[in-house]
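Asks: have a look at this prediction, sequence included:
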Amino acid sequence: MSLNKERIDAVKFMRVTAMLLVILIHATGVALSKIPHDSPSYFFYLFLNRFTRFEGSVFVFLSGLTLFYNYESKPFTKQTWSNFYKRRFMFILGPFLIWSIFYELFSYYQGVRVFTDWKTMFTSIVTGGAYYHLYFILILVQLYFLMPLFIYLVKRFWWFKKYLLFIGFAVELAVQSYFEMFDISFTVPLFSIYIASFFFGGWVALHYQSLKEQWSKKQYFMWISCTFLLGIFYTMLYYFRNILGYDEISYMVFKFLSISYMLLSCFVLFKISIYLVHHGGRKLNDFAEHLRIYSFGFYLVHPFILYLLGDSLRSLIPSHIHLYIFMRFILTVIFCYVFIRIMHRLFPRAWFLFGNLPAPERNKTS
């Protein structure tokens, strides 16, 4: 297979969408703790906060998509994987460690945690426990670590390549159900919590040439409608099982529905993104690409900006909670962009804070 593969431009729209949904979820979380469960407003925010929970699956799906797409055809050599891990350390682990130290210290400042000893602090930093969003990066790191094994299996066994999607679905459902049944937990969540999304992204990568074709308008309507209905069902099942405590709803049934919704959302968003690449216009595509390069930075920075804005806008609660949440979400997106953009332009090595960034544009002179 030729190594000169076409670029998957749909990635940019998916990554930007997931980035915005992460901020939306964290911005609306306060409403679910402030508003009574039987209030109509609660269901509105539950929809915004839970229906959108496919954002994590989208990020993992994209990792699987790009990694399998780029590495399945590369020679399986020491040099290939040495370069692979070097890039992940520079652009993923480096920023992760810097921001983990920052958020660990920030947690002490907030009073969320109290410093006890250096060992506890070190453990918190390296296990993603410094702040509520950092665990997710370590899940990706686990998948990166296992990537050579996955590529080997794809190259070695035809059935593994053919049934990659179903293997991921079955492994996630079985392992997570087993952990739930026996109340097993780990300091760092295992990669199995997102293995279906990762393998699904890999499966799409391996069949990209046939899957990149655009749907008809009728197909778009049908699949978007099915995804929306499944998302409503998933959200309501979550409400009855996790909020109201209806234990008779089996975890395995809930997990099956959850995985199905996450994967379908990823694929429908993938197809919508393909449509936008072809019909969205140059300005929209350029804007999405511009935001895409900052998406990792948005993920790392946004909890800090949310906290600062929450402190500043606190007077709006509880009398204007809807305005508070709306302003906090919009301003977080704006301030994150401004902060990362300024750092990117001022410091050539800003990639060590925000991941892989292109060289900053130089000011044009007439």
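Replies: That came in fine, so what should we check first?
Asks: could I get the average pLDDT for the strand or helix carrying residue 310?
Replies: Take DSSP states H and E as the rule and residue 310 turns out to sit in helix 295-312. Averaging pLDDT along helix 295-312 yields 96.
Asks: tilt between the helix or strand that it is followed by and helix 295-312?
Replies: Using DSSP H and E, the helix or strand that follows helix 295-312 in sequence is helix 321-346. On the basis of axes from the mean of the first three to the mean of the last three Cα atoms, to 10 degrees, helix 321-346 is oriented at 130 degrees to helix 295-312.
Asks: downstream of helix 321-346, the next helix or strand is which one?
Replies: From helix 321-346, the next helix or strand downstream (DSSP H and E) is helix 351-354.
Asks: please report phi then psi for residue 277.
Replies: Here is the backbone geometry of residue 277 (degrees, to the nearest 10): phi -60, psi -40.
Asks: okay, the spatially closest residue to it that is not a sequence neighbour: pLDDT?
Replies: Leaving aside its sequence neighbours, residue 277 sits nearest to residue 9 (Cβ to Cβ, 6 or more residues apart in numbering; 4.6 Å). Any C-beta I mention is one placed from the backbone N, CA and C, and that applies to glycine too. Residue 9 carries a pLDDT value of 97.
Asks: now swap in residue 1 and tell me
Replies: The per-residue pLDDT reported for residue 1 equals 40.
Asks: swap in residue 348?
Replies: pLDDT recorded at residue 348 is 83.
Asks: residues contacting it?
Replies: 359, 360 (Cβ atoms under 8 Å, 6 or more residues apart in numbering).
Asks: likewise residue 61?
Replies: Residue 61 neighbours (Cβ under 8 Å, 6+ apart): 14, 197, 198, 200, 201, 204, 263, 266, 270.
Asks: what helix or strand is the second one located in?
Replies: If I follow you right, that is residue 197. Per DSSP H and E, residue 197 falls inside helix 195-206.
Asks: gap between the residue lying closest to residue 160 once chain neighbours are set aside and residue 81?
Replies: Nearest residue to residue 160 in three dimensions, chain neighbours excluded: residue 153, at 4.6 Å (Cβ to Cβ, 6+ apart). Residue 153 sits 15 Å away from residue 81, going by Cβ to Cβ, to the nearest Å.
Asks: please apply the same query to residue 130.
Replies: Distance from residue 130 to residue 81, by Cβ to Cβ: 29 Å.
Asks: looking at the two, which is more packed in?
Replies: When residue 130 and residue 81 are compared for neighbours, residue 130 comes out ahead with 24 against 15, by other Cβ atoms under 10 Å.
Asks: buried stuff in stretch 342-355?
Replies: Using 16 or more other Cβ atoms under 10 Å as the test for burial, stretch 342-355 gives 343, 344, 350, 351, 353, 354, 355.
Asks: that one: how far from the chain's middle?
Replies: Taking Cα atoms, centre = their mean, to the nearest Å, one finds stretch 342-355 lying 22 Å from the centre of the chain it belongs to.
Asks: now do the same end-to-end measure for it.
Replies: By Cα to Cα, to the nearest Å, the extent of stretch 342-355 from end to end equals 15 Å.
Asks: ok, residue 212 - how many residues close by?
Replies: Residue 212 has 16 nearby residues by other Cβ under 10 Å.
Asks: so what does residue 91 look like in phi/psi?
Replies: According to degrees, to the nearest 10, residue 91 has phi -100, psi -10.
Asks: might you report the residue contacts of it?
Replies: 296, 351, 355, 356.
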